[in-house]
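**Q** Fold the following, please.
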Amino acid sequence: MSFTIAIDGPAAAGKGTISKRLAAHFGFGHLDTGLLYRAVGRLMLTGTEPVAAAQALVAADLEAEGLRTAQVAQAASKVAAIPEVRAALVDFQRAYARRSGGAVLDGRDIGTVICPEAEAKLFVTASAEVRARRRFDEMQGNGVETDYETVLAETKERDHRDRTRADAPLRPAEDAVILDTSEMDIESAVAQAIAAVNATMSERAGQ
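**A** Reported below is the predicted structural model:
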């Protein structure tokens, strides 16, 4: 039996951590779809044409070093705005979503484009200022030289690009549960996410 949990939201809202915790809680597989775009973005930075990179992507590319750098994150957002790149990666994501035993996918357009029929959908968000602070603290902890104002500007720029792109813009699915983590710690956010999925499971079981 397959059960898909689709989790969308902007960068640094907490969706990655929540997705991993949900997958562990329910015993489902987990796919961070952002890694697909980061992998394509990394290849683009090395000189590979983005569409060709997406079409030739293999699982090993998701294990490459440097996928979490700020430079690759910006490149990922740029290649994600290319319709041909998105189309090349759709089948990979949809096949994973229907895997036996359940799956959690997190990204920008999972509930709206990739898996509109997902059994449970969450949209994890937070204010740009809170997300920039989280990203800044993470970067400082990793020894990256930057400042908060720069990170905030990059966060807002990426939000604008993700929300206004012509193909699959970032937005909540109509039936998604909105989870604003601006004033939550991660344990509270995870607890609310688990409760939302449990409610969906109970509702479907009763149908």
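
**Q** what's the helix or strand hosting residue 132 packed up against?
**A** Following DSSP states H and E, one finds residue 132 within helix 128-141. Judged by 3 or more CB pairs under 8 Å, 6 or more residues apart in numbering; DSSP states H and E, helix 128-141 is in contact with helix 148-164. Placement of C-beta: from N, CA and C, glycine included.

**Q** Recalculate using a threshold of 10 Å.
**A** Using 3 or more CB pairs under 10 Å, 6 or more residues apart in numbering; DSSP states H and E, the elements in contact with helix 128-141 are helix 70-79, helix 148-164.

**Q** Give me the mean pLDDT for the shortest one.
**A** The average of the pLDDT scores along helix 70-79 is 91.

**Q** Give the buried residues for it.
**A** The neighbour-count check on helix 70-79 (16 or more other CB atoms under 10 Å) flags 72, 73, 75, 76, 77, 78, 79 as buried.

**Q** same question, the last one
**A** Neighbour counts over helix 148-164 (16+ other CB under 10 Å) mark 151, 152, 154, 155, 158, 159, 161, 162 as buried.

**Q** Serialize these to CSV and add fields for distance to residue 182 and pLDDT.
**A** As requested, the buried residues of helix 148-164 are arranged in CSV below (distance: CB to CB, whole Å; pLDDT from 0 to 100):
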residue, distance to residue 182, pLDDT
151, 16, 95
152, 14, 97
154, 19, 93
155, 13, 95
158, 18, 90
159, 14, 93
161, 21, 90
162, 18, 90
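
**Q** Report the buried residues of the longest helix along the chain.
**A** Secondary structure of the chain per DSSP state H: the longest helix is helix 186-205. Neighbour-count burial for helix 186-205, counted by 16+ other CB under 10 Å, picks out 189, 190, 192, 193, 196, 197, 200.

**Q** Ok, stretch 170-177 next?
**A** When burial is assessed from 16+ other CB under 10 Å, stretch 170-177 yields the following buried residues: 170, 172, 173, 176, 177.

**Q** Now the phi/psi pair for the spatially most central residue of the chain, please.
**A** Computing the C-alpha centroid of the chain and ranking residues by CA atoms, centre = their mean puts residue 107 first, at 2.3 Å. For residue 107, the backbone dihedrals (degrees, to the nearest 10) come out as phi -180, psi -140.
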